[in-house]
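# Give me coordinates for this.
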Amino acid sequence: MRWATRAGLAGLALGAVATTVAVERLTVSRSVRRQAREALDAAGPFGTLRGEPGTAFADDGTELHYEVEEAPGGAAGTVVFCHGYCLNQDVWHFQRAALRGRVRAVYWDQRGHGRSAPGRAQRERGEPLHIRQLGRDLRAVLDAAAPEGPVVLVGHSMGGMTVMSLVERHPDYVARRVAGVALLATSAGDLAQVDYGFPAPVVRAARRAAPGVLRALGSQAELVERGRRAVGDLYAGLIRRYSFGDPETVDPAVARFAERLIESVPIDVVAEFYPAFAEHATWEALTTLHTLSEDLPVLVLVGDRDEITPPEHSGRIASALPAAEFTTLPGAGHLVLLEEPEAVTARLVELLTRSIGCHGPTAD
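Residues are numbered from 1 along each chain as shown. Below is the predicted model:
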């Protein structure tokens with residue numbers, strides 16, 4: 001019982017906090033639930049778009065997978081998409097579909113996510129992971145996939161933190177190469193203050209327990225993955241609860257796609273990344289962006305029901321960048337790019353048009 005309590009607290013600290021699942025869903029047989037998930041997986045082409053693959057090498061030798069979508073007739077620049085924690089490049093499915101053939105685009109997987117290898121510094125030398133490492137990883141991808149011309153950096157959640165880390169570490173590069181920035185549902189720091197809608201004492205207890213519990217879970221990865229499958233409905237309910245503003249209105253196939261993305265990240269990678277968020281702070285990056293803001297288009301966007309990186313965090317970023325466009329999407333949660341794809345894509349097209357040019361009509 002004590003172990004179950006500690007595991008539950010760790011889940012809270014990751015944003016997957018226990019919620020009520022409908023009784024009728026829990027009473028349906030496991031085989032029927034499996035068939036339903038398989039039907040949803042086949043319902044749409046989510047996550048099937050592919051580009052020309054490439055490999056970048058981080059400063060510790062980690063292999064980082066990226067894919068390039070070229071624009072016919074050349075392009076004025078390149079837009080680089082950085083995904084969030086426990087996701088991969090496929091989370092940009094709707095934006096990728098809409099922008100194909102309109103801009104040169106690069107999609108990449110953060111270390112340990114998607115098709116990228118686990119961090120060598122972490123696995124071979126036992127070094128802790130920091131967000132600044134992800135900023136260095138992004139620089140390696142840029143050097144490999146977009147060595148010339150202007151670039152627009154788009155980051156969601158941890159991807160936005162990655163972008164800000166690059167800005168903080170390489171201000172000269174930003175001034176010389178970066179033509180625009182989009183920060184979606186992200187934070188520049190103070191994530192330890194996020195309560196996920198729970199009372200402060202519960203959150204404090206969860207954060208104290210989380211590092212030790214996650215280390216234990218990471219050392220029993222196979223057992224944990226079996227447990228994920230065993231409690232599939234409850235796990236899916238948690239994902240929907242903290243991914244979307246109103247889970248009941250989201251296309252079930254899209255909700256299942258989000259579930260698959262999150263399920264695909266091994267628990268040892270989840271454990272490896274988690275401590276980095278407590279110390280994340282990239283406020284100096286905002287100073288750099290503010291200095292450049294008159295000439296640098298910046299988009300800050302968040303859903304007003306985001307409980308992972310709450311709207312107040314995007315508000316603080318926007319306050320530090322008074323020239324930025326600040327957009328709040330009513331009713332949307334943390335995976336705003338899946339929940340409100342048309343609105344997100346439209347804002348990105350506006351940014352790209354101002355920064356490097358974006359051709360043709362918006363795709364449906």
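
# Please count neighbours and contacts with C-alpha atoms only from this point.
Will do.

# okay, now residue 240: neighbour count?
Residue 240 has 22 neighbours, counted by other C-alpha atoms under 10 Å.

# outside of stretch 74-88, which residues touch it?
Identification of contacts with stretch 74-88 by C-alpha atoms under 8 Å, 6 or more residues apart in numbering yields 89, 91-92, 103-110, 113-114, 146, 149-160, 162-163, 261-265, 270, 356-357.

# sec struct for residue 47, please.
The three-state assignment at residue 47 reads coil, by DSSP: H, G, I helix; E, B strand; the rest coil.

# That one and residue 95 touch, don't they?
No: contact between residue 47 and residue 95 fails when scored by C-alpha atoms under 8 Å: they sit 11.5 Å apart.

# more crowded one of these two?
Neighbour totals were compared for residue 47 and residue 95, and residue 95 leads with 21 against 17 (other C-alpha under 10 Å).

# tell me the contacts of that one?
Here residue 95 is in contact with 337, 341, 344-345 (criterion: C-alpha under 8 Å, 6+ apart).

# and what of residue 90?
Applying C-alpha under 8 Å, 6+ apart to residue 90 gives the contacts 46-49, 261.

# mind redoing it with 10 Å?
Residues counted as contacts of residue 90 (C-alpha atoms under 10 Å, 6 or more residues apart in numbering) are 46-50, 83, 96, 107-109, 114, 257-258, 261.

# Show me where this protein has its strands.
For the chain, the strands defined by DSSP state E occupy 52-57, 63-69, 78-82, 104-108, 151-156, 178-184, 298-303, 325-329.

# residues in contact with the last one?
Outside of strand 325-329, the residues within contact range by C-alpha under 10 Å, 6+ apart are 182-185, 297-306, 311, 314-315, 317-319, 336, 340, 343-344, 347, 351.

# Would you state the helices of the stretch 101-250 of the chain in chain order?
All helices of the stretch 101-250 of the chain, identified by DSSP state H, counting those that start in this stretch, fall at 120-125, 131-145, 158-169, 171-177, 200-218, 221-230, 232-243.

# Specify which residues of the stretch 201-350 of the chain, grouped into ranges, have pLDDT under the cut-off.
Within the stretch 201-350 of the chain, the ranges that satisfy pLDDT under 70 run 201-236.

# Tell me which of the strands of the chain sits nearest to residue 139.
strand 52-57 (9.6 Å; C-alpha to C-alpha).

# any idea of the angle the closest one forms with helix 131-145?
If you take axes from the mean of the first three to the mean of the last three C-alpha atoms, to 10 degrees, strand 52-57 sits at 130 degrees to helix 131-145.

# Let me know the average pLDDT across strand 52-57.
The average of the pLDDT scores along strand 52-57 is 98.

# List every C-alpha atom in it, with coordinates, as CSV.
The C-alpha trace of strand 52-57 is given here as CSV (Å, rounded to 0.1, in the frame of the first residue of the first chain):
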residue,chain,number,x,y,z
GLU,A,52,14.1,12.9,-45.7
PRO,A,53,15.9,11.4,-42.7
GLY,A,54,19.2,12.7,-41.3
THR,A,55,21.4,12.3,-38.2
ALA,A,56,23.0,15.0,-36.2
PHE,A,57,25.5,14.3,-33.4
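
# Given that strand, what are its sheet partners and their directions?
Note on strand 52-57: by DSSP bridges, its sheet partners are strand 63-69 (antiparallel).

# Report the inter-axis angle for the partner strand versus strand 104-108.
Going by the same axes, to 10 degrees, strand 63-69 is angled at 150 degrees with respect to strand 104-108.

# what ranges of the stretch 51-200 of the chain fall below the confidence cut-off?
Counting by pLDDT under 70, the stretch 51-200 of the chain has low-confidence residues at 195-200.

# Kindly recompute the last result at 90.
72-76, 190-200 (pLDDT under 90).

# if we can go back for a sec, out of the contacts of residue 90, the closest to residue 330 would be?
Ranked by distance to residue 330 (C-alpha to C-alpha), the contacts of residue 90 are led by residue 258 at 20.1 Å.

# give me every residue that touches the closest one.
By C-alpha under 10 Å, 6+ apart, the residues touching residue 258 are 46, 86-87, 90-91, 236, 239-240, 243-244, 252, 335, 338.

# could you flag which of those residues are buried?
Listed as buried from those are 46, 86-87, 90-91, 236, 239-240, 243-244, 252, 335, 338; burial here means 16 or more other C-alpha atoms under 10 Å.

# Brilliant, that's me finished.
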